[in-house]
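Student: Okay, here's the prediction I keep looking at, along with the sequence it came from:
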Amino acid sequence: MSAPPTTLPNPIRPAFDTGTTEGSVIVNIGPSHPATHGTIQIVAELSGERVIRTDVHCGYLHRGFEKECESHTWHNLIPYVDRLNYCSALINDFAYCEAVEKLLGIEITPRARYLRTLLAEYSRIADHLTCIAAALMELGAMTAFLYLVTIRDYIYEHLADLTGARVTYSYGRIGGLAHDLPAGWLKRLEEILTEMDTFTGRVHGLVDRNRIFIDRMRDVGVISTAEAINWGFTGPILRSTGVPRDLRKDTPYLAYAELDFEVPVGIKGDNYDRYYVRMREIDESAHMIRQLVEMLPDGPLCVDDRRCTFPDKQLVYTEIESLINHFKLVMEGPQVPPGEVYSAQEGANGELGFYIVSVGGGVPWKVHCRSPSFVHMGGVHKMLDGYQLADIVPTFGSVNMIGGECDR
Amino acid sequence: MNTPANRPAPSGAFEYLTTKKDEFVGWARKFSLFPYPFVTACCAMEFMSVSSTLYDTDRFGAALPRFTPRQSDLLMVVGTVTHKQAPILKKVYEQMCEPKWVIAFGVCASSGGFYQNYAALPGIDKIIPVDLYIPGCPPRPEMVIDGIMKLQDKIAAERHPIINEKF
Amino acid sequence: MSAAVFEQVREHLGPVAQEATVAHGMLALLVEPPRVLDVVRTLRDQFGFDMFLDVTAVDWPEREPRFDVVWHFYSTRHFVRVRVKTRVPLADPTVDTLVSLYGSARYMERECHDMYGIRFRGNDDLRPILLYEGFEGHPLRKDYPKQKEQPLVPYRDVKP
């Protein structure tokens, strides 16, 4: 029926293949493993159940994002940008668009600014829901997983009403957004947020003071603030160590300066704190969304700049200038002046930065994504070494490594 | 494979018995699929959605993932497979026992998607045989369920030799 | 506040750097390759740039020296970022490693080496991280064709 198995090449070279202590065993975890989110390989040296050292290998989802970007126009690579952190795809869109807008020197309209903030927080909620649901499922709490994924499904359907897609939206545009909100969207938003409060309340009730959960998550995967900064951790992981470092507060962008929100911090930097920081961030994001719904101004969505915004379809069909403008934007791409910029936003995992180099023209010279997950993979061994083999699963789940973002 | 059009017409008691046995075994196999979710990328989000409450694969008997290839019969390759991951996929496929089926979930697994470059494998059928392709980036859960139902039809129509290749 | 920090950095490191410009809210320093480690150490110890964000390279095939190696740093005290750039030729694309200053440099330098072939003197672990063992070439260089695949598993004959 099938051919006899052939010898397959090993794509990696582990850092160690002999143990340091007597009787230690070297075990390979992954890369096709449910707990390593499918794309991370951990070569662990174990002494009994205790992990002595680990060697984390990523790159199994390296899809050549940067090389692809160099052969597409500035607009055409927005779908590639989406698929970096696919759990919160809108944040990637907006971070990239903001970087290009800095190079172009345009400022987006107030409506676009508030709407981007609202959708970024909405995406952040979806990402945190996914992370917590997966982490809890890997501990065995299937009910919590099903609760949170149900809400996430409502969010996906809701965003599909707006953008046309459930998971990877390609909704951000250079200069604004693709199109405006449909009727009734904000009303449904409030319904979803209310239902989400109920469900997260249930998950809190199931898990927060659960003896088994506390035993598995408290004092496991501890990292201190100094170590976290040395190893480049940002986002919820850094906040769980006790420092309120959040780009939305420290270097406000979009509409965050006008919002009233707290930055939740942990106490010890262990798994339990990371879980709790994310749950509290979901509440804070919902609070921010409710404020933004009140503050959302009317007005045009996209900035009226011929260099990047597509003209109105009626004009394209009737006026020759708009037709040529549309044609050039589609075929050659927006002409971005030469220069380089690094622009970062607070992604769901930490500092998501884009370093863009332009030589003028419609195609970028270089687009580099500074992804938080990749940097975290460099430091995650600090959280794994010294703990048990079974602790690798919740620790890894609490780090929220997203393969698309890590390997790009 | 032996689709109904190619199957020789039953012409006797033995063939009648074989057909009925195939129908029965096909029915049992199609409603008790044990998927091995070989999950890599964004399609995982839709895989999680389709396994959850709103669109449920448990209705089709395909809910319980077995996270070891030795115990599963449906390999769902969810997401982009890169050249680095290809030996892993081949090894997992070879570790599964017959009968086994492969679903290419998502357009990256079917054809490489829009990652036509040095890193991504242009479709997993370059290294393993695929029974069902579900396009979409990522596919909606309804498409996945439609795909699983089509796979079930395919399994029902297949031959299922149990004792030897004739019966 | 950021302008004050940039002024201080410019005053202190201006003589050492070839160029120091502020653009899009960030100070960019262009230094020569041998001075990079000292400049970064000064930035970290004296000016509080305690978080190493990223290292990457830009390929300018028409220019000599060919590669720009670019580092970004962030200060969790002053909330500003700074960019340090240097230029290295194709014949000897070597710079000093920052592993002694920041732990996160390990993986990021491996990625830069993978993609561009930049060698980091002092980092003894430059195994491929995003690519695999056996991959020849450095894909993000402009002369590497995008679609040149190097499959690990030979393709089978696909019968429709």
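Tutor: Here it is on my side, so go on. Numbers count the residues shown, from 1 in each chain, chains lettered A, B, ... in the order given.

Student: which residue is nearest the centroid of chain A?
Tutor: Centroid-nearest residue in chain A, with Cα atoms, centre = their mean: residue A:85, separated by 4.1 Å.

Student: Excluding residues flanking it in the chain, which one is nearest that one?
Tutor: Of all residues not flanking residue A:85 in the chain, residue A:405 sits nearest, at 4.2 Å (Cβ to Cβ, 6 or more residues apart in numbering or on different chains). To be clear about C-beta, it is placed using only N, CA and C from the backbone, and glycine gets the same treatment.

Student: picking up where we left off before, how close does the residue nearest to the centre of chain A sit to residue A:150?
Tutor: 22 Å (Cβ to Cβ, to the nearest Å).

Student: ditto for residue C:101
Tutor: 46 Å.

Student: cool, and residue C:114?
Tutor: Residue C:114 sits 40 Å away from residue A:150, going by Cβ to Cβ.

Student: who has more neighbours, the two?
Tutor: Neighbours were counted for residue C:114 and for residue A:150 using other Cβ atoms under 10 Å in any protein chain shown; residue C:114 has more, 22 against 18.

Student: which ones are touching residue 37?
Tutor: Going with chain A. A:134, A:396, A:401, A:402, A:403, B:39, B:44 (Cβ atoms under 8 Å, 6 or more residues apart in numbering or on different chains).

Student: oops, chain C please
Tutor: Taking Cβ under 8 Å, 6+ apart as the criterion, residue C:37 is in contact with C:96, C:98, C:101.

Student: interface residues of chain B facing chain C?
Tutor: Residues of chain B lying near chain C by Cβ under 8 Å from any Cβ of the partner chain: B:83-84, B:86-87, B:90, B:116-119, B:121-122, B:125-129.

Student: Just the buried ones among those, please.
Tutor: Among the residues of chain B next to chain C, those scoring as buried are B:83-84, B:86-87, B:90, B:117-119, B:121-122, B:125-128 (criterion: 16 or more other Cβ atoms under 10 Å in any protein chain shown).

Student: just checking, which of the residues of chain B next to chain C belong to helices?
Tutor: Applying DSSP state H to the residues of chain B next to chain C, the entries found in helices are B:86, B:87, B:90.

Student: can you pull the contacts of the closest residue to the first one other than its chain neighbours?
Tutor: Spelled out, that is residue B:86. Take residue B:86 and drop its neighbours on the chain: the residue closest to it by Cβ to Cβ, 6+ apart is residue C:153, 4.4 Å away. Residues near residue C:153 by Cβ under 8 Å, 6+ apart: A:8, A:9, B:83, B:86, B:87, B:90, B:127.

Student: switch to 10 Å and redo it
Tutor: A:6, A:8-9, B:83, B:85-91, B:121, B:126-128 (Cβ atoms under 10 Å, 6 or more residues apart in numbering or on different chains).

Student: now it, what's its secondary structure?
Tutor: coil (DSSP: H, G, I helix; E, B strand; the rest coil).

Student: Quick check: phi and psi at it.
Tutor: Dihedral angles phi and psi of residue C:153 (degrees, to the nearest 10) take the values phi -110, psi 120.
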